[in-house]
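Visitor: When you get a sec, could you give me coordinates for this:
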Amino acid sequence: MAGRSAKTAAAWALFLAVPALLAAALPLDRSLTAAGRGDLANLVKLEAVPILLGIASAAVVGLALATRRSSNPVGWLFLGLADSIALSAFTDNYGRYGALVREPPLPGSSAVAVYGDTSFVAWLIFLSLILLLTPTGRPPSPRWRWLAATIVVAGVASILFHLVSAAPLEPPVDAVRNPMAVTALGDIPLFAGFVTLIICNLAFLVAAASIVVRFRRSRGDERRQLLWLVLVALVLPVVVVASFVAAYTQQPALLIITAGLYVAVVPVGAGLSITRYHLYDVDRIVSRATSYVLLSGVVAAIYTLFAVGGGRLVASLGGESDIAIAVATLAAATAARPAQRRLQDLLDRRFNRRRFDAIAVVRDHVRDPDPARTIDDVLRLALDDADLSVGYWIDQREQWVTCDGHPITTLPMDAVEVRRSGGPVALVGGPTSAESPELVDAVAQEAAPELESTRLRAAIGLQLVEVQQSRARLVTAQLDERKKIERNLHDGAQQRLVALALYLGMAGSAEDLDEMKSFVATAQGEARAAGQELRELANGLHPAILTNGGLIAAVDSLVGRTPLPIRTEVTDERFDPAIEAAAWFITCEAIANAVKHSGASGLDVQSRRHGDELVVVVRDDGGGGVRLEGTGIRGLADRAEAVGGTLTVRSELGGGTEITARLPAAVS
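Guide: Now for the predicted structure:
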């Protein structure tokens, strides 16, 4: 991630260097014009338009590629091309003004003028490599690697030979003497520079031919992606010949125009391939940037129209211009959002078809919903992602659920969150969200109203799911309780009653009175024991002390049987028997769980009325970390929900556990 951020920063630095160099060159242009040497200026002339077009197109395409596909060298080559042209504009102006016009000359201006005279060779290097490596970042085959080496070696050599040559420079800087010339070499640098320059131009034409080779070998989408660059490659020989003719016949205007086209045509061709056939998959970036540029123009035009026209109207009526400005601001602000949406749709339809089609599918569903299709299905269809999953946030429960209310335990990675009114609504995740989060976000935002409606239905669905699950658990618990009662009766009271019948039978067949009395006494003991066991069993179902004395008496009785100290604060108010029973069993089970599992040294038990609720709190100072999804806690929640109440648990490791039940406080 750090490496990617560094590459993005580097790409932006190279991009911003272009306007910085042009901004530095422009004042020198004005200084040349002010000194009466407008013929030396090169940015304020009409002929400079092709050059500026080449700079702009190369910089924009290069930035998009370098930030989107940083591993592909073509984006960096486009940025290098833009920087080299902008540097040429600066060095030309600095050298011409500093060495030919200004007195005294600017520092190093003669050496800079020498470089400016040969700086176009750097353009050739970048252009040739771009044509050779587009679009894969590699030559068409290993046999083409020699061409890349030839381009770089011949280009750098041509620049170096020119820098040390003693031959006069080309007009209009022919009056400048080269301070770096090595006169001992004679005409060797001039001849070698000319030869290497010819090699550079031939290599450039061969690099253009490599695009044609790629095109002939390609099929389908790849072939369409290369179409515009092939057209560019086919016209380049004409441009090269025209530039040589212009240079030979000493026609600087024609030379500037042909050289500008010579430079601009490649990035323009790449830009057309990007926008028409999704070359490099940066069409979304180009589309979004273009929409905001056009939007700025529309808003500015609306503001100007209302400010100027309205100002004149208000002035004619004797009003103040502030009214017109306020109206213009309101009109521009009102038009901004619908204009942006309309422009983005038009550009997406043209340049980013996948985004346009995906949003269109969602809009059609929102406008005319299909009852047989959920919004989850619509998003999967729009994004062409069968594995896409959608989760909905339920505030009351603080959890994600599916559209039918089932809890989601594992959230998808790289999911896109949809928010409305400052809060989360839905979470959309899947392979597409990992690959194209911007596309998923745009589609999900379009579906936000429907996602909000589905979230409300999911909240109701969650309640239904919980009711169904609670009922199932209650049925299971009742069956378990019946089996437990059956087992207790079978192993306890039933055995006592069987023994009672046995002893009574033995008493009836006793041979003497003493033996009969002994059997009867034993039978009486079995009868008392059976009665005691039945009372204990009945108290477990619903203790008599709760019925007679209420919660306060039942809790006091429980405190006496618990091995831990318990601090109590229990109301003596009476409630509906079902509510009292629920509060009692929640208290008993919460205390039993704390004694068995928490390692606590003491407990606090509170039962008090709070408005229309009976609030029961059982708090311990144990180790905490209670599993909220465990059967024990779920059973307590079921008891609370069975009478229309709720149960919440706060349990942190080392911070103890607090169980709070809120039950309807209907007075008995």
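Visitor: Please enumerate the strands of the stretch 301-450 of the chain.
Guide: All strands of the stretch 301-450 of the chain, identified by DSSP state E, counting those that start in this stretch, fall at 389-394, 399-401, 416-420, 423-429.
Visitor: by contact count, what packs against the first one?
Guide: Yep, that's strand 389-394 we're talking about. helix 375-383, strand 399-401, strand 423-429, helix 448-488 (3 or more CB pairs under 8 Å, 6 or more residues apart in numbering; DSSP states H and E). Quick note: C-beta positions are derived from backbone N, CA and C, even for glycine.
Visitor: Could you tell me the least trusted of those?
Guide: Confidence, taken as mean pLDDT, is least for helix 448-488 of the helices and strands packed on strand 389-394 (a mean of 71).
Visitor: For residue 52, see how far away residue 19 is.
Guide: In this structure, residue 19 and residue 52 are 11 Å apart, going by CB to CB, to the nearest Å.
Visitor: Which of these two has more residues huddled nearby?
Guide: Between residue 19 and residue 52, counting by other CB atoms under 10 Å, residue 52 is the more crowded of the two (16 against 13).
Visitor: ok now do that one, which residues does it touch?
Guide: Residue 52 makes contact with residue 43, according to CB atoms under 8 Å, 6 or more residues apart in numbering.
Visitor: for the stretch 501-650 of the chain, what are the low-confidence residue spans?
Guide: Residues of the stretch 501-650 of the chain meeting the criterion pLDDT under 70: 502-503, 526, 529-544, 629.
Visitor: can you map out the strands along it?
Guide: Under DSSP E, counting those that start in this stretch, the stretch 501-650 of the chain gives strands at 566-570, 603-610, 613-620, 646-651.
Visitor: and the helix or strand just after the last one, which strands flank it?
Guide: Same thing as strand 646-651. Per DSSP states H and E, the first helix or strand lying C-terminal to strand 646-651 is strand 657-664. Strand 657-664 pairs in its sheet with strand 613-620 (antiparallel), strand 646-651 (antiparallel), by DSSP bridges.
Visitor: Tabulate those strands in JSON lines, adding columns for mean neighbour count.
Guide: JSON lines is the format used below for those (neighbours: other CB atoms under 10 Å):
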{"stretch": "strand 613-620", "mean neighbour count": "22"}
{"stretch": "strand 646-651", "mean neighbour count": "16"}
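Visitor: and those strands as TSV, adding distance to residue 523?
Guide: Output for these, formatted as TSV (distance: least, CB to CB, whole Å):
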stretch	distance to residue 523
strand 613-620	44
strand 646-651	48
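Visitor: Any idea which of the ones you listed gets closest to residue 631?
Guide: Nearest to residue 631 among the strands paired with strand 657-664 is strand 646-651; the distance by CB to CB comes to 13.5 Å.
Visitor: follow-up on the earlier one: of all the strands paired with strand 657-664, which lies closest to residue 408?
Guide: Residue 408 lies closest to strand 646-651 among those, at 20.2 Å (CB to CB).
Visitor: what residues does the closest one touch?
Guide: By CB under 8 Å, 6+ apart, strand 646-651 touches 586, 624-626, 628, 633, 636-637, 639-641, 657-662.
Visitor: May I have that strand as CSV, with CA atoms only?
Guide: What follows is strand 646-651 as a C-alpha-only set of coordinates in CSV (Å, rounded to 0.1, in the frame of the first residue of the first chain):
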residue,chain,number,x,y,z
THR,A,646,-36.4,-7.4,26.5
LEU,A,647,-33.1,-8.6,27.9
THR,A,648,-29.7,-6.9,27.5
VAL,A,649,-26.3,-8.2,28.6
ARG,A,650,-23.1,-6.2,29.3
SER,A,651,-20.1,-8.4,29.8
